[in-house]
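Participant: have a look; sequence and predicted model below, questions after that.
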Amino acid sequence: MARSPGGSRDGAEVVPGLWVGSLSFAEASGQYGITVPKVVVEAGVVPPNTAYLVDRVFYGLREAPRLWGSFRDKRVQRARLTVGGQQCMFVQMETDPAVWRLVACNDRSTTLALMVIYVDDVMMLGPEQVVKDIYEWLTVGVEEEKGWKCSPMEWLGKVPVRYLGMDIRRKDGSLTSFHVSQGSYVGELLKSYPMEASRPSQVPATKDTMPSSDDQDEEEVSEQEGPDPSQVKQAQRMAGELLWLVTRTRPDIGYATAHVFATALKSPAAAIRLGKMVVRYLAATPTWGLTYNGVGEPVEACSDASFAPQGDRSFGCVTTATCGGFAAWRMTKQPTVVLSAAEAELVELVNASQQAAGLQAWVEEVSPQDAGKPLILRVDNTAACGLATTSPGSWKTRHLKVKARHLRFETNEGRIKVVHTPGEVQAADMGTKPVPVARLVDLRKLWGMCAAEDFEADEEEVIVRSLKGGDYYDLLRMMAWMMMVSRIPGVKATGIYNKKPLDYDSSVEFYVLMLVAGIALLAVWEAMKWVAQRLFGEDEATVTKARKLLRIRNQATKALQQELESMSASSSDPISIEKPSVATPKVATTPLSEMSQGPINESTRHTRPTTRTQEDDPDLRAALDTAKEGGFQRLRTPFVMSEHGDRLHLEADCHGLRHANKSRLKKVQVCYYCDGHFPLSYKVLQGRTIPEGR
């Protein structure tokens, strides 16, 4: 109703109150009689057994609303009044029986004015003279029937007019610019909460004040005793008070109010805490409401969803606007648990299409010239856009395609247009989660919300700011820019969201592209590794030399083992040299004093050892003979050495190792070369021998 019906430029509104007069009971299901109290009969005022027949409607009668509605509608349907020199009549709308269209008797497609009737309150919208003619018929009547006694007309303007609990005002000089708020109701509500009214808040809810699972757990603990009836009653009363605001002019508190309703019985304490937070927000924004300027698409819907915010069901919001003003919205939990964010967005997109379809039927009935235009649905999820259109998908999204079958069909027929909208400009985001102050300010602008005081001051503030511009040179620069811009040829403006989003596609091209990207990444890695080896690694000559030295070492080790075996076989020593258990012989620890006596001759390192016999070495022969007599024994045990010591011990329990750490003792052994050339023996004293292999 924000746009003037029929394209009229002279609009006015009136809100009269109807007086309920007498009417017939012909349509009533039965007749009613009223008996007088017994005390009246005893006083002799009324004879006994007397009843009075009811022949008119009065307040409190159960059938009064239906009878009054039937009587009122019949009179409006029979009405014939002359407006602008032509005979006109009222046609009741099929989409909203409370709204009547004033049309010419010979042309019912053009709407001249609208009349909204709710019980005995009437609002008329249309040109000023047409409104006066309707009011004259309503109060004076025509020749066949008399009019009704009504209150004087109240014209909308800067001073607000109350209609159905809402304060409606119109901007001066603008026929289609309205502001609807409930400041009077908020003022009365704040009187019941003086403590919250003294502490205003800039947001209706925060994450800390939202009911959580901990609150529900606490309620379950005390569930045996049952919730406090007084708290439940208070929570329900606050929910009802806030619902009256949400369903009319305050969608900014819809998310918080929905949670107050959801927890009023389960967690009344949490619901009261959140409700008081909303009241504090109302104390900071008492006169805020919605604005309507009649500029925009005929029907446009937005949807958004918050996927499983508490781990259970998702929370969604849908809203529908007509001609730039929001006329319907809904914030609630989804009925089922969804498996992904795309499914949650798709569920809300389907709900938005249903809500917008009802409003679209109303708009097309009021304004037939808007019929045939596509219904615009805005959503900020590309996957949901793809599911609602004809883009292909995988088997995982087959069940979602069934949900979106209606949207896909309507999209193919051109009756619905799904548009991807970034989250920054998505109006439905306000009803899905608690938002901070900065984000709430932006969302209220998207919804067209402002305070009643700012409604008239908007244009004046812009004019004042433009007059308070920069200095003289700034004005000259502005004029120069304006002259340059004026020489630019004009072009046709395009829509704000003209970029088509990418379709949600899972075809084979995507997987081929991923495979090619993986192969390219592997090739780049191998190339970088080769370059690093060339720049920082060892060259080929060094690697070849190292391999050659390793081969020579293995050959020398093998030859040494063969020589030791041959020397052991040719020796007359009855005690044979044990074969080492490893490939390389053990090396004895050499003291630093011996190493400092002179450098080792490099020529002797690779000299092949020669075999020595008893005939060649008389000392060896004498030692072996003595060993045979039993006076000496070959030393076949390793020596024991402390961690930082410079002395060798034969036993770990030696008195010289009394202060050493037993766990850090080292065992050293004479090398095979020295043992072959200079075998060690010890003299047996008093039959004491050293155990072998300790």
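Facilitator: Here it is on my side, so go on.

Participant: what's near enough to touch Glu348?
Facilitator: The contact partners of Glu348, by C-beta atoms under 8 Å, 6 or more residues apart in numbering, come to Ser303, Asp304, Ala305, Gly316, Cys317, Val318, Gln334, Val379, Ala428. Where you see a C-beta, it was placed from the backbone N, CA and C, and this is true even at glycine.

Participant: Gln87 is in what secondary structure piece?
Facilitator: Taking DSSP states H and E as the criterion, the element that holds Gln87 is strand 86-92.

Participant: so for that strand, mean pLDDT?
Facilitator: Across strand 86-92, the average pLDDT comes to 91.

Participant: mind listing what's buried in it?
Facilitator: Residues of strand 86-92 classed as buried by neighbour count (16 or more other C-beta atoms under 10 Å): Cys88, Met89, Phe90, Val91.

Participant: gap between the second one and Leu112?
Facilitator: When you say that, I think you mean Met89. 10 Å (C-beta to C-beta, to the nearest Å).

Participant: Glu348 and Cys317, how far apart?
Facilitator: The spacing between Glu348 and Cys317, counted by C-beta to C-beta, is 7 Å.

Participant: give the residues shared as contacts by the two.
Facilitator: Residues touching both Glu348 and Cys317 (C-beta under 8 Å, 6+ apart) are Ser303, Asp304, Ala305, Ala428.

Participant: for the stretch 401-550 of the chain, just list every one of the strands.
Facilitator: All strands of the stretch 401-550 of the chain, identified by DSSP state E, counting those that start in this stretch, fall at 416-420, 449-451.

Participant: neighbouring contacts of stretch 172-182?
Facilitator: Contact with stretch 172-182 is made by 2-4, 8-11, 156-158, 160, 165-171, 244-245, 248-250, 287-294, 450, 452, 455-456, as judged by C-beta under 8 Å, 6+ apart.

Participant: follow-up on the earlier one: which ones among the contacts of Glu348 lie within strands?
Facilitator: Counting by DSSP state E, the contacts of Glu348 place Ser303, Asp304, Ala305, Gly316, Cys317, Val318, Val379 in strands.

Participant: mind putting those into a markdown table with distance to Arg80 and neighbour count?
Facilitator: Output for those, formatted as a markdown table (distance: C-beta to C-beta, whole Å; neighbours: other C-beta atoms under 10 Å):
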| residue | distance to Arg80 | neighbour count |
| --- | --- | --- |
| Ser303 | 45 | 33 |
| Asp304 | 49 | 29 |
| Ala305 | 51 | 31 |
| Gly316 | 48 | 26 |
| Cys317 | 46 | 28 |
| Val318 | 42 | 27 |
| Val379 | 48 | 25 |
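
Participant: re earlier: quick check, nearest of the shared contacts of Glu348 and Cys317 to Gly324?
Facilitator: Ala428 (15.9 Å; C-beta to C-beta).

Participant: wait, that closest one sits on Cys317?
Facilitator: Yes. Counting by C-beta atoms under 8 Å, Ala428 touches Cys317, with 4.5 Å between them.

Participant: now the common contact residues for the two.
Facilitator: Residues touching both Ala428 and Cys317 (C-beta under 8 Å, 6+ apart): Ser303, Asp304, Glu348.

Participant: quick one: which of those is nearest Leu522?
Facilitator: Asp304 (41.4 Å).

Participant: on that earlier part again, can you list the contacts of Glu348 in a markdown table and add distance to Val402 and pLDDT?
Facilitator: A markdown table is the format used below for these (distance: C-beta to C-beta, whole Å; pLDDT from 0 to 100):
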| residue | distance to Val402 | pLDDT |
| --- | --- | --- |
| Ser303 | 19 | 95 |
| Asp304 | 22 | 94 |
| Ala305 | 18 | 94 |
| Gly316 | 19 | 94 |
| Cys317 | 24 | 95 |
| Val318 | 20 | 96 |
| Gln334 | 17 | 92 |
| Val379 | 18 | 94 |
| Ala428 | 24 | 93 |
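
Participant: show me the domain layout of the protein.
Facilitator: The domain map for the chain lists 5-21+57-155, 553-596+607-683, with the assignment taken from automatic domain parsing.

Participant: next one, pLDDT for the nearest residue to Glu144 once chain neighbours are set aside please.
Facilitator: Excluding its sequence neighbours, the residue lying closest to Glu144 (C-beta to C-beta, 6 or more residues apart in numbering) is Arg78, at 8.0 Å. At Arg78, the pLDDT value in this model is 88.

Participant: can you get me a residue count around Arg78?
Facilitator: Neighbourhood size, Arg78 [other C-beta atoms under 10 Å]: 12.

Participant: how close does it get to Met93?
Facilitator: Using C-beta to C-beta, we find Arg78 at a distance of 17 Å from Met93.

Participant: right, and Pro368 touches Asp107 too?
Facilitator: No. Pro368 lies out of contact with Asp107 (C-beta under 8 Å); the separation is 11.0 Å.

Participant: the two: who's more crowded?
Facilitator: With other C-beta under 10 Å as the criterion, Pro368 and Asp107 differ in neighbour count, and Pro368 comes out ahead with 13 against 10.

Participant: what's the nearest residue to the more buried one if we skip its chain neighbours?
Facilitator: Ser109 (5.2 Å).

Participant: sorry, back to before: now the ones in strands among the contacts of Glu348 in a markdown table, with distance to Ala341?
Facilitator: Listed next are these as a markdown table, based on distance: C-beta to C-beta, whole Å:
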| residue | distance to Ala341 |
| --- | --- |
| Ser303 | 13 |
| Asp304 | 11 |
| Ala305 | 7 |
| Gly316 | 11 |
| Cys317 | 14 |
| Val318 | 16 |
| Val379 | 11 |
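
Participant: now do the phi/psi pair for Pro204.
Facilitator: Here is the backbone geometry of Pro204 (degrees, to the nearest 10): phi -80, psi -20.

Participant: what's the farthest-apart pair in the contacts of Glu348?
Facilitator: Using C-beta to C-beta, those span at most 14.9 Å, a distance reached by Gln334 and Val379.

Participant: buried stuff in stretch 667-678?
Facilitator: Buried residues in stretch 667-678, counted by 16+ other C-beta under 10 Å: Val670, Tyr672, Asp675, Gly676.

Participant: how about stretch 340-358?
Facilitator: Buried-residue list, stretch 340-358, by 16+ other C-beta under 10 Å: 341-353, 355-357.
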